[in-house]
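Asks: Output the structure for:
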Amino acid sequence: MITPDEFRRRKDEYPFRPFRIYLRDGRHYDVPDHIWYLVGESVMKVGIPPDDNPKSRYAERSEWVEYQDIDRLESLPASAPAA
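Replies: Numbers count the residues shown, from 1 in each chain. Now for the predicted structure:
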């Protein structure tokens, strides 16, 4: 299982390396910047961009994710922020 410490470590990396969170049920969430997620002890909160602007710098809503539901993490290429 991926632990909260793994997400804390990623949050502190400089430069930040974007990543994708894959859940066991097939859903996935992209994390383009360290401000897009909050780390708790048993759950984390992930920002979700607007449907009409997936490259937005700001989340429109958020989802709670339990660590036990995470299947794996995958690095994403770094990209310039959207305007």
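
Asks: And the residue nearest the centre of this structure?
Replies: Residue closest to the mean C-alpha point of the chain, counted by C-alpha atoms, centre = their mean, is V31 at 3.3 Å.

Asks: Just list the residues touching it, thanks.
Replies: When contacts are counted by C-beta atoms under 8 Å, 6 or more residues apart in numbering, V31 touches P18, F19, R20, I21, Y37, V46, G47. C-betas here are computed from N, CA, C, even on glycine.

Asks: Now, of those, which are buried?
Replies: If you count burial by 16 or more other C-beta atoms under 10 Å, the buried members of the contacts of V31 come out as P18, F19, I21, Y37, V46, G47.

Asks: Need the residues you listed in TSV (columns: secondary structure).
Replies: Below are the buried ones among the contacts of V31 laid out as TSV (DSSP: H, G, I helix; E, B strand; the rest coil):
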residue	secondary structure
P18	coil
F19	strand
I21	strand
Y37	strand
V46	strand
G47	strand
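
Asks: And the residue nearest to the centre of the chain, what's its pLDDT?
Replies: Looking at V31, its pLDDT reads 95.

Asks: How about the one 5 residues further on?
Replies: According to the predicted model, the pLDDT of W36 comes to 95.

Asks: quick one: contacts for it?
Replies: V46, G47, A59.

Asks: Going by distance to R72, which of those wins?
Replies: V46 (14.9 Å; C-beta to C-beta).

Asks: Look up how far E63 lies from that closest one.
Replies: Distance, V46 to E63, using C-beta to C-beta, to the nearest Å: 5 Å.
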